[in-house]
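Visitor: predicted coordinates and the sequence they were generated for:
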Amino acid sequence: MTDTLERTSESEAPSPNPVDWSKVQKWGSLGGLTMSFIAAIGMVAALDKRIIISPWLSLGFITLLWVPVAYGYIAATEKASDGSPPPVKGARDIISGLVTGLISGALFALFIVIIDAVDLTDVFRNLGPKLVELLTFGLGLGAASVIWIVGSGLLGLIGGALKVVRPTVRRVVSSAAMGVFGVALLELIVTDISQGLHIEFVTDWLYAINGGLTTISAIVVAILFGLLGLRSDDRTLTQRRLDRMNLEPQVLVRRNAIAAAITIAAVIFLPMILGGLTNELLANVGLFVLMGLGLNIVVGSAGLLDLGYVAFFAVGAYTTAILTSPLSPTWTPELTLNFLSWEGWLILAIVLVMAAIAGLFIGTPVIKLRGDYLAIVTLGFGEIVRILFLSDWLSPYFGGAQGITNIPSAALGPVEIKGTNSQAMFYLIAAFVAIAIYVSWRLQKSRTGRAWTALREDEDVAEAMGINTTASKLTAFVTGAMFASIAGMLFAAKVGSIFPSSFKLLVSIIILVIVIVGGMGSIPGVIIGAIVLIGILGGPTQPGLLQEFGQFKLLIYGALLVVMMLKRPEGLWPSLRRQRELHHDEMSQDSWLQGTSYQTGGVPEDEQGGTRYTDDAAPIQDGDG
Amino acid sequence: MTTTATTPTRTFKFSWTDSFLWAIRVMAIFVIVWGFIGAIALGLEGNGLSAEAWKQLIVSGVAQGSMYGLLALGYSMVYGVLGFINFAHGEVFMVGAMVGFFAADALFEAGLWEANFILSIFIVLLVAMFTSTFTAVLIEKIAYQPLRNAPRLIPLITSIGISFFIQNAVQLLVGPAVKTYPAPPSWLSDPVNILGFQIPGTILLVVFLAAVSMVGLWLFVERSATGRAMRAVAEDKEIAALMGINVDRVIVMTFAVGGAMAGVAALLWALMFRSVSFITGFLPGIKAFTAAVLGGIGNIVGAMVGGLLLGLFESLGPNVILRGLSWQIPLALGIVLLAAGVATVVGGRAMKRNGVVVLGAAAILMGLTGVAGFTIVIPGLSQLKDVVAFTALVLVLIFRPAGLFGEQLGREDRA
Amino acid sequence: MPMLDIQHLTKSFGGVQALNDLDFHVDKGEIVSVIGPNGAGKTSFFNTVTGYFSPDEGQILFNGVNISGHEPHEITELGIARTFQNVRLFPDMTVLENVMVAQHCRTTTGIFGTLLNTRSFRREEAQIEANAKDVLSFFGKRLQGYRWDQPASVLSYANRRRLEIARAMATEPELILLDEPTAGMNPKETAELTDLIRQLRDDRGYTVVLIEHEMRVVRDVSDRVVVLDHGEKIAEGDFETVSHNPDVIEAYLGRPAEHTDE
């Protein structure tokens, strides 16, 4: 096939707008490999039971079908490999997409033929006759191959066409597609809410009996979301940001206040109409928001990559367990985590003190290390803490592998907040999250927060500004530790029994992914990161909304980390500071082109005419002195 | 102005962090010395380790250490050239061991494993080396190349993501079960007596293969043109590029060589432990990184020596040092140590030699332990094997970040 | 008593003698220039005074207190501020924040004050901001108005240098060390800055030590010039004396075949 393509490319070379065959070849083969990989890890088979549109489209197949669309779009969009200027949009993009899809489909068909011919289950446990049957739709190999090649070619063509069409069309199409996908995926939560609002008839009509949208409801949803896409305007993301920054401060404050009010109302009222399962999800999300905000102070603000963050979570959980559980060996003060009596607050205080001690103990020796060594040493500490909790040596105190059980639930006076009562649990966690958000927010715009930012940006200079770097870093480290310990306390009260296996390195990494996906240093970013990742995919041991993804979520977390670092290191919702840093070029250029400036304060008259970069060409008129 | 030469008269400054670091030093020396002496004393009393057990521990320490050394090379070379920790290197090793297992299994099924073991091992070695090299180069092409000028932590986080991804991909592809390599023939696994050490043939083979690979790599880096280019790139990428060296190609070569060594290490792992699963890469990876830092990161000979030291420490640590802590220091010795310790501390303060003060303080602690008759009996020593390894990691990175033989880093990475 | 009194300061790196038995003093209210060829040890001298290097021998007395061996942040707190040769700002922070950070050692509110939003915290924040704006006003309209909210990374080169000086001023020092403040500036900017350096002393009351390569600046502002070569002081005095000193000319130009006064 390669040969044919190369020959074609030679024969077509003189045409003015040639297709870049090497690019198409690259993305086509990558597409085939990606699809084969997804099938080989068992994703298609595992997710086939989750229906998106009944009866003909399952989530399993969607994990394959997005590949030709996306890669077709990329092959049509990506800059030419020889660096030549981007050609005019047109038929070549559609052809690029089509051929990319065809190559992917052909390679995938080849993959199916191979696994049909050779039974590889000895090595790759998923590559057996079952997978072949699934992928050939019960038809013959030949027919299935044709379907895959043609189908994926068509999908690639759609991908390429998305590049060519007007932005409005692209928006409508993607909005409709995402809408259908989203509504189908969120079936659980939509049903839950409609039950709370007593509008079950909507969901009864929307969803098929065995899950998924019906074909008709899918079409309706697609149209609705398509219209929604039509309504939104053409501004790019950068433009939106620019516009937001150009707003008058009062308007901005008002907008933020409205957003905050809506959020608070949602947090208060939503759990009441949601069922237990969704509340459970929200409670888990809350725990990870708490830890994410803590790690955000350590990594995002102060720039210390702490990979042993789970240690503080463990300290909080074990301290609570020892203080409350009647079954904890050696020490059994048997306090109750009652926040309307002194005992609850005493527990909280002890947890915070223990976290501070642990933070100082781990932080002090590592604080002067190079950034990357600090990461590995904290990882080491995290593992040491876990293994010590697990060991027979300390099992007389911490229970070893059996952990500590019978931890009583938290309470508010006579009202017990049982771990199984996820609605009450959610409110409890949300209260602490609110405090954590307040603390993070206050610290960010204070003397302490400024010192952290300075440290992250240039340690030597921060030192010259009179900032005690060691003390400042330790403060960040300990503050972060305290957040995690509170999460640990709530976790212990929620689950009722804790084991060393709940505190693996995995937890640290997942919290890191939350912070990075959300945007380092950004409080809303961390919250959104936690909602999206923990809510949908699930935590280390907690299932998310897509329980079927359970076995794949760690793989996805790893891939997310890599993709974010490569494509969008500032995160999905970066803090204003990083946003500014990454986009000040575009923005100053835009405003210059539009003849406006994005300045906010009073402008000295002598400099208004100049652009940002030539200010010093302005005549010196300063008469002061 | 005064004319007499002044020595710096510093105002005494008390710093919590520094005091804490000194306290850790004292504790570390105290525990290691007490444990070591205790183990010997227990052995002499007849209820500790026998001489035979000591020898076994040393032999297995050397064997594991040479594996760590090979793995450490990958960390060391990449850090030397690019200045970041390639956290995914452990996974490169694991993939080699995993694919090697399938090769070995196929050879076993075909009967070649028993008919011609040496040839089989050679084939498995080639397969493992090829897989690891391929994986290492692929990672570099996909993930690290676009991040060439990013801040140091960005590629580190990327490599953590890759490591996570590969682990889970392997688990999903081949299943979570532990795979066991077929057993080597008995003529190889039987112990041979060398200088009073009973050494199994497999261990000899491990050490032999490690030594050959090390020498080969050393010759490659020191003698070949590519090796010279590597050293030039490690020293200064810009100048190397000006000298007409294709920096990107050299970086790929670095990953390839590191990957190949990880492949050899994978075979050594298979010979020693025979089992492999998707998490096999994590701990050896961390330990090998420790070895690389211990030997001085960027330093090839250092990586090997660091590996051997770490292997020995890990092998002796739990069984000797932690066991030795159950030995009670005799009262008389305690008093002597107490007195000597106080004298050393006073002398050290007078000489302004912090190291002497630390030794004295450790001696005082030992003396007090002896006087108080205090011992630590630790059940389930083998559970703490990894604690010992991680403690070594922590201590090395905190107290010897430049390693025993000095770092060899590029200009821009030294800061 | 001199404000800064350095006695027998010695510092070497490996075999390289960066500072060799250097005696040096600055009186209150002086502007002293340190000049010398590249590699003469000028920046090492600054780094040693501000605590980035600890001296091998000798002592640094600041208002009679020996400060050698102290951490840089302690020295800043004692009242010595500095700028860096290769301008080092906090690029993502705004101009105003850059200056506000520098007030760190003059303020005290800790985490609890911040969290409780105490009155003293609010008063202090307002004071920090007012001080920062005051310091920025020293540069006329250069760093005013909308510039406050711009990230430091978008500033022009000359403005970055100005901001660095503003930051040093905001630490409320007695002594300011300026490391090549006019490097990279055009003649007009240089002339403007020369005036400002004088104003630093005359209006704001700082004592100034500067490293400078631009001889016109040195001539215009210095009360006294100290010449370093190979870490040793080879000449000292007013600009006229020093510029005619044969040792100085030799250090700059190498040993000439025949020597004439210019």
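Guide: Okay, I see it.
Visitor: nearest residue to C:Glu218 other than its sequence neighbours?
Guide: Rather than Glu, residue C:218 is Val. C:Ser33 (4.6 Å; CB to CB, 6 or more residues apart in numbering or on different chains). Using the backbone N, CA and C atoms, a C-beta is placed for each residue, glycine as well.
Visitor: measure that neighbour to A:Ala261 for me?
Guide: For C:Ser33, the distance to A:Ala261 (CB to CB, to the nearest Å) stands at 60 Å.
Visitor: the residue nearest to C:Val218 - that's part of a strand, no?
Guide: Yes: assessed with DSSP: H, G, I helix; E, B strand; the rest coil, C:Ser33 lies in a strand.
Visitor: does it have any beta-bridge partners, and if so which?
Guide: As for beta bridges, C:Ser33 partners with C:Leu210, C:Val225 under DSSP bridges.
Visitor: who's in contact with it?
Guide: By CB atoms under 8 Å, 6 or more residues apart in numbering or on different chains, C:Ser33 lies in contact with C:209-212, C:218, C:221-222, C:224-226, C:239.
Visitor: nearest to A:Phe381, of the residues you listed?
Guide: Proximity of the contacts of C:Ser33 to A:Phe381 (CB to CB) peaks at C:Ile211, which lies at 43.6 Å.
Visitor: point out where the stretch 151-300 of chain B drops to low pLDDT.
Guide: Along the stretch 151-300 of chain B, no part satisfies pLDDT under 70.
Visitor: let's see it at 80
Guide: B:195-197 (pLDDT under 80).
Visitor: the strands in it, which residues?
Guide: B:179-180, B:191-194, B:197-200, B:275-276 (DSSP state E, counting those that start in this stretch).
Visitor: can you check chain C too?
Guide: C:4-13, C:16-26, C:31-35, C:57-62, C:65-66, C:80-82, C:175-179, C:207-211, C:224-229, C:232-237 (DSSP state E).
Visitor: ok, A:Ala530 touching A:Val513?
Guide: No: counting by CB atoms under 8 Å, A:Ala530 does not reach A:Val513; the two are 10.0 Å apart.
Visitor: would you pull up the residue in the stretch 301-450 of chain A closest to chain B?
Guide: A:Asp392 (3.5 Å; CB to the nearest CB).
Visitor: for that residue, grab phi and psi.
Guide: Main-chain torsions, A:Asp392, degrees, to the nearest 10: phi -60, psi -30.
Visitor: now for it, how many residues are close by?
Guide: By other CB atoms under 10 Å in any protein chain shown, the residues close to A:Asp392 number 15.
Visitor: residue contacts, B:Pro356?
Guide: Quick fix: residue B:356 reads Val, not Pro. B:Val356 sits next to B:344-345, B:347-348 when contact means CB under 8 Å, 6+ apart.
Visitor: now these: which count as buried?
Guide: B:344-345, B:348 (16 or more other CB atoms under 10 Å in any protein chain shown).
Visitor: in helices only, show me those residues.
Guide: Counting by DSSP state H, the buried ones among the contacts of B:Val356 place B:344-345, B:348 in helices.
Visitor: now distance to chain A and pLDDT too, for those, in TSV please.
Guide: Below are those laid out as TSV (distance: CB to the nearest CB, whole Å; pLDDT from 0 to 100):
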residue	distance to chain A	pLDDT
B:Thr344	24	89
B:Val345	22	89
B:Gly348	22	85
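Visitor: show me which of the residues you listed is closest to A:Val202.
Guide: Distances from A:Val202 to these, taken by CB to CB, are shortest for B:Val345, at 79.6 Å.
Visitor: thought the closest one was touching B:Gly355?
Guide: No: the pair B:Val345 / B:Gly355 is not scored as a contact, 11.7 Å apart, by CB under 8 Å.
Visitor: interface residues of the stretch 451-600 of chain A facing chain B?
Guide: Contact residues (CB under 8 Å from any CB of the partner chain) of the stretch 451-600 of chain A with chain B: A:470, A:474, A:509, A:512-513, A:516, A:551-552, A:554-555, A:557-562, A:565-566, A:569.
Visitor: nearest to A:Asp458 among the ones in helices among the buried ones among the contacts of B:Val356?
Guide: Taking CB to CB as the measure, A:Asp458 lies nearest B:Gly348 of those, at 37.6 Å.
Visitor: residues in contact with the closest one?
Guide: By CB under 8 Å, 6+ apart, the contact list for B:Gly348 reads B:354-360.
Visitor: chain neighbours aside, what residue packs nearest to it?
Guide: B:Val356 (3.3 Å).
Visitor: in a strand, that neighbour, correct?
Guide: No: B:Val356: not assigned to a strand; according to three-state DSSP it is helix.
Visitor: so where is the stretch 501-625 of chain A shaky, pLDDT-wise?
Guide: The low-confidence ranges in the stretch 501-625 of chain A, as defined by pLDDT under 80, are A:547-548, A:574-625.
Visitor: one more time with 70
Guide: Applying pLDDT under 70 to the stretch 501-625 of chain A flags the ranges A:576-625.
Visitor: chain C now?
Guide: Within chain C, the segments meeting pLDDT under 70 span C:255-262.
Visitor: spatially central residue in it, please.
Guide: Among the residues of chain C, the one closest to the centroid is C:Leu177, at 1.8 Å (CA atoms, centre = their mean).
Visitor: quick one: contacts for that residue?
Guide: Contacts of C:Leu177 by CB under 8 Å, 6+ apart are C:46, C:49-50, C:80-83, C:168, C:209-211.
Visitor: which strand residues bridge it?
Guide: Using DSSP bridges, the bridge partners assigned to C:Leu177 are C:Arg82, C:Val209.
Visitor: now the contacts of C:Ser33 in JSON lines, with distance to C:His70 and neighbour count?
Guide: What follows is the contacts of C:Ser33, written out as JSON lines (distance: CB to CB, whole Å; neighbours: other CB atoms under 10 Å in any protein chain shown):
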{"residue": "C:Val209", "distance to C:His70": "18", "neighbour count": "26"}
{"residue": "C:Leu210", "distance to C:His70": "22", "neighbour count": "25"}
{"residue": "C:Ile211", "distance to C:His70": "22", "neighbour count": "23"}
{"residue": "C:Glu212", "distance to C:His70": "26", "neighbour count": "24"}
{"residue": "C:Val218", "distance to C:His70": "30", "neighbour count": "21"}
{"residue": "C:Val221", "distance to C:His70": "29", "neighbour count": "22"}
{"residue": "C:Ser222", "distance to C:His70": "28", "neighbour count": "23"}
{"residue": "C:Arg224", "distance to C:His70": "26", "neighbour count": "18"}
{"residue": "C:Val225", "distance to C:His70": "28", "neighbour count": "25"}
{"residue": "C:Val226", "distance to C:His70": "23", "neighbour count": "24"}
{"residue": "C:Phe239", "distance to C:His70": "33", "neighbour count": "18"}
